[in-house]
Structure formats: C-alpha cells, structure tokens
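Q: Give me a model of this one.
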Amino acid sequence: MRSLTLVIVSFLMLGSINQCFAQSKKYLRRNRMAPITIYGDSNMYSRGIYVDSSDLYLASSDGSVIRYNSETDKATQVLKLARRGENRDIEASNEVLFVMQSGDNGSVTKIDTNGNVGFIEPNEWRGVFMDALDFHGEVGFLLGDPVDGNFTLYHTLNGGKSWTPCKGKVHAITGEAAFAASGTNVHIANDTTYLFITGGMRSRFHKSIDNGKTWTSVDLPYYPSETVGAYSMCFADELNGVIVGGNYKQPDLKMNTTYYTHDGGETWFNSFVPPGGYRSCVIHHNGAFYACGQNGIDFSLDGEKWTPFAEGKFYAMGIYQDKIIATMRHGRFQSFNLVD
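A: Numbers count the residues shown, from 1 in each chain. Prediction:
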C-alpha cells in the first residue's frame with residue numbers, strides 16, 4: 001500500500017510539473033511579441049512607476065520624470081533634476097506627486113497639478129540615502145538607510161505637507177540595510193500599519209501597527225551578504241503577501257529568493273517553486289503576483305509556486321490600462337496582457 005501511495009503521489013507531482021512547464025511555454029511564447037514603447041533616451045531607465053486614471057509617470061535614473069499617455073502615445077518630460085541624483089520612487093497624495101531621489105543627501109520633490117515644483121530636504125536628511133516611500137491616502141511613510149545605528153524612518157499624516165520622524169526606532173544590525181531597487185520595499189497596509197524589509201548581512205521584515213510608535217521584526221532566511229536579501233514586497237491584503245529578492249550579482253540563482261506569508265508577516269515560508277532568479281520588484285493585480293528582475297518576469301497565484309511569464313531585463317512594474325508595464329534599459333518599457 002505504501003509503494004502504491006508513493007507512485008500515486010509521484011504521478012500527481014509529475015503531472016503538476018508538466019502542467020506548469022506547458023503553461024510557462026505558453027506565456028513565454030506569447031510575450032516575446034509584447035509591444036515595446038520608447039519614452040526616453042538610451043541612457044535612462046526607470047525604477048519608479050506611478051499610475052493615475054489616465055497617465056503613466058516614470059521616475060528615471062537621469063533625474064527626470066516622464067508622463068506617458070496611451071491614448072496619444074506621447075511622452076512628456078515634467079521634471080529634470082539630474083543634480084539631485086537618481087529618482088528611485090514616485091507616489092502621490094491629493095493629486096500631488098512625490099518623487100524620491102537617492103544620492104548623497106535625501107530629497108523628495110513635489111509636483112502639483114499646476115506644475116509647481118517644491119522640495120523636501122530637511123537638514124536631518126543630509127548624508128542619508130533614501131530607499132523608498134509609500135502613501136495610503138494622506139498617510140505617507142519614508143525609509144532611508146541607517147544613521148547612528150538606526151534606520152531613517154519618517155511619516156506624514158497630512159498628505160505630505162509636513163514630515164516627522166517615527167517615534168519608534170528600528171536598530172540596524174551590523175551590515176543590515178535597505179535596497180532601493182524599485183521603491184517597493186516599503187508598504188502602508190492601512191492608516192496605521194507601516195511595513196518595510198531589509199537585507200545585506202541580515203534580512204528582516206519590520207512592522208508597526210501604530211504609525212511607527214513601536215515595531216516588531218521577523219528574520220528572513222536569506223544568505224548573509226552585502227548584495228543579498230529582501231528587495232521588494234507586496235501584500236494582496238492584510239494577511240497574504242510576498243517578498244522577493246536574492247543576489248543581484250548572481251541573478252540566475254533561484255534558491256531562497258522568494259518567501260510568502262498568510263498571517264500578515266508573522267511567519268514566512270520559502271516558495272515551493274521559485275521564480276527564475278533574483279527579483280527586484282513584485283506587484284499584485286486581479287489575484288496574481290508578478291515579480292521581475294534581470295532575467296525575466298514570473299507570476300504566482302499564491303506566492304508558493306511561480307511560473308515563467310516573460311523574458312528580458314526589467315527594473316520595475318505597474319498596472320496601466322489593464323496591462324503590466326515593465327521598465328527596461330534605454331528609456332523603454334514593455335506592455336503585457338495579464339494572465340488568463
């Protein structure tokens with residue numbers, strides 16, 4: 001009986017693997033023909049994406065922000081601040097865009113609907129490398145690298161009109177830092193809950209349910225190394241989420257790159273079938289997670305099993321006009337249909 005059971009289980013697993021293989025071939029074949037749009041020059045790429053009702057905003061490596069409209073197929077430069085460093089994230093609150101620059105000194109640029117530009121760069125941010133920000137309504141959360149042993153944590157409760165340090169401190173373990181890969185290593189789950197992830201010599205998931213007054217931290221089992229760890233996080237709801245990462249210097253390594261949770265981050269589990277390697281951005285839409293990196297895009301319905309979706313080198317993703325937009329080198333992005 002035991003032998004028969006093993007045969008049945010093996011048969012079912014083989015059938016599942018064959019089904020996944022056939023499905024992956026389907027999407028890879030289809031997406032080789034996905035259209036590519038040129039929105040900027042050949043020296044730029046974008047890690048930050050923001051989508052409103054009609055326009056796609058791309059925060060780019062040369063300090064520019066490009067607005068793209070699919071109806072007119074026109075790209076317009078709305079900002080160029082090369083001297084402030086590379087744009088790593090872009091978000092919005094109350095129709096005001098907030099563009100985060102990463103460089104020697106932390107800075108956030110505001111752009112209102114009339115095109116007026118303002119800067120948020122208090123003295124406390126001098127010498128701070130900013131990693132990511134997020135908004136949930138008028139609540140905003142900003143993460144920067146450690147200063148004096150503690151992560152730089154700021155928030156706003158009034159739509160970005162004023163920013164103050166979070167009352168709670170999160171001590172950085174030696175060699176622990178945040179990766180400013182695609183502006184997706186922070187997340188605001190609701191009006192009071194802030195989340196962020198770290199990597200390097202220690203990878204952890206950090207959570208506050210009281211607007212940053214107190215924090216809990218959970219270890220993530222990434223291999224300790226300066227270039228390894230958690231790069232991007234996405235929650236489908238308050239319980240179910242995914243963290244992706246790995247080693248950007250060895251992007252084809254698949255083991256221990258992706259973890260999932262079903263309890264809001266209290267426990268994390270290694271994906272049974274991982275994506276194709278290092279992944280720098282993960283998003284969720286219509287019941288599916290999508291993760292991209294230097295060697296392609298994968299999707300998963302639950303975070304446990306990942307299926308190859310598209311080939312190529314990608315930096316960040318967003319959902320625009322019911323399409324997946326994935327940014328590429330040389331001022332381009334590719335547009336993909338959602339999974340069936």
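
Q: Could you use CA atoms for every contact and neighbour count after this?
A: Noted.

Q: The residue nearest the centre of the chain: which element?
A: In the chain, the C-alpha nearest the mean C-alpha coordinate belongs to Thr184, at 2.7 Å (Cα atoms, centre = their mean). Per DSSP states H and E: Thr184 is located in neither a helix nor a strand.

Q: Which residues are in contact with it?
A: For Thr184, the contact set (Cα atoms under 8 Å, 6 or more residues apart in numbering) comprises Ala132, Leu133, Tyr231, Ser232, Met233, Cys234, Cys281, Val282.

Q: try it again with 7 Å
A: Ala132, Ser232, Met233, Cys281 (Cα atoms under 7 Å, 6 or more residues apart in numbering).

Q: Phe235 now?
A: Gly241, Val242.

Q: so it bridges to which residues?
A: Note on Phe235: beta-bridge partners Gly241, judged by DSSP bridges.

Q: mind checking how far it is from Ile188?
A: 10 Å (Cα to Cα, to the nearest Å).

Q: And Gly264, by the same measure?
A: 12 Å.

Q: Counting neighbours, go ahead and name the busier of the two.
A: Ile188 (23 against 16; other Cα atoms under 10 Å).

Q: Thought His206 was touching the more buried one, still the case?
A: No. Applying Cα atoms under 7 Å as the test, Ile188 and His206 come out as separate, 11.8 Å apart.

Q: what sits in contact with each of those two?
A: The contact lists of Ile188 and His206 share Leu195, where a contact means Cα under 7 Å, 6+ apart.

Q: Can you report how many residues lie near Cys327?
A: Cys isn't right for residue 327; it's Thr. Count around Thr327 with other Cα under 10 Å applied: 27.

Q: Can you tell me the strand partners of the helix or strand that it is a member of and which way each runs?
A: Using DSSP H and E, Thr327 sits in strand 323-328. Strand 323-328 has its sheet partners listed here by DSSP bridges as strand 317-320 (antiparallel), strand 332-337 (antiparallel).

Q: quick check, Tyr27 in a helix?
A: Yes. Tyr27: assigned to a helix according to DSSP: H, G, I helix; E, B strand; the rest coil.

Q: Now do it: how many residues are near it, please.
A: 21.

Q: nearest residue to it other than its sequence neighbours?
A: Among residues not flanking Tyr27 along the chain, Phe309 sits closest, at 5.2 Å (Cα to Cα, 6 or more residues apart in numbering).

Q: Check Met130 too.
A: Closest to Met130 by Cα to Cα, 6+ apart is Gly144, at 4.1 Å.

Q: For that neighbour, give the beta-bridge partners.
A: Beta-bridge partners, per DSSP bridges, of Gly144: Met130, Thr152.

Q: What distance do you get for it to Ser53?
A: Distance from Gly144 to Ser53, by Cα to Cα: 29 Å.

Q: So for those two, which sits in the more crowded spot?
A: Neighbours per residue, other Cα under 10 Å: of Gly144 and Ser53, the larger number sits with Gly144, 23 against 7.

Q: re earlier: out of the strands paired with strand 323-328, nearest to Asn247?
A: Checking the strands paired with strand 323-328 against Asn247 by Cα to Cα gives strand 317-320 as the closest, at 19.2 Å.

Q: pLDDT at Ser46, what is it?
A: Note for Ser46: predicted pLDDT of 97.

Q: Identify the bridge partners of it.
A: Applying DSSP bridges, one finds that Ser46 bridges with Ser60.

Q: from what I can see it touches Ser60, true?
A: Yes. Using Cα under 7 Å, Ser46 is in contact with Ser60, at 4.1 Å.

Q: neighbour count winner among those two?
A: Shown here are Ser46 and Ser60; by other Cα under 10 Å, Ser46 has more neighbours (33 against 29).

Q: Other residues contacting stretch 150-164?
A: Under Cα under 7 Å, 6+ apart, the answer for stretch 150-164 is 93-94, 138-146, 165-166, 169-172.

Q: what do you get if the cut-off is 6 Å, keeping everything else the same?
A: 93, 138-146, 165-166, 170-172 (Cα atoms under 6 Å, 6 or more residues apart in numbering).

Q: Among the residues you listed, which one lies nearest to Ile243?
A: Among the contacts of stretch 150-164, Leu143 lies closest to Ile243 (Cα to Cα), at 16.9 Å.

Q: how close does the nearest residue to that closest one once chain neighbours are set aside sit to Lys80?
A: Nearest residue to Leu143 in three dimensions, chain neighbours excluded: Leu153, at 5.0 Å (Cα to Cα, 6+ apart). With the distance defined as Cα to Cα, Leu153 ends up 27 Å from Lys80.

Q: any idea where the helices of the protein begin and end?
A: 2-31 (DSSP state H).

Q: hmm, which helix or strand of the chain has the shakiest average pLDDT?
A: helix 2-31 (a mean of 57; mean pLDDT, DSSP states H and E).

Q: got any ranges where the stretch 1-150 of the chain has weak pLDDT?
A: 1-24, 82 (pLDDT under 70).

Q: swap the cut-off to 50 and go again
A: Along the stretch 1-150 of the chain, the model assigns pLDDT under 50 to residues 1-17.
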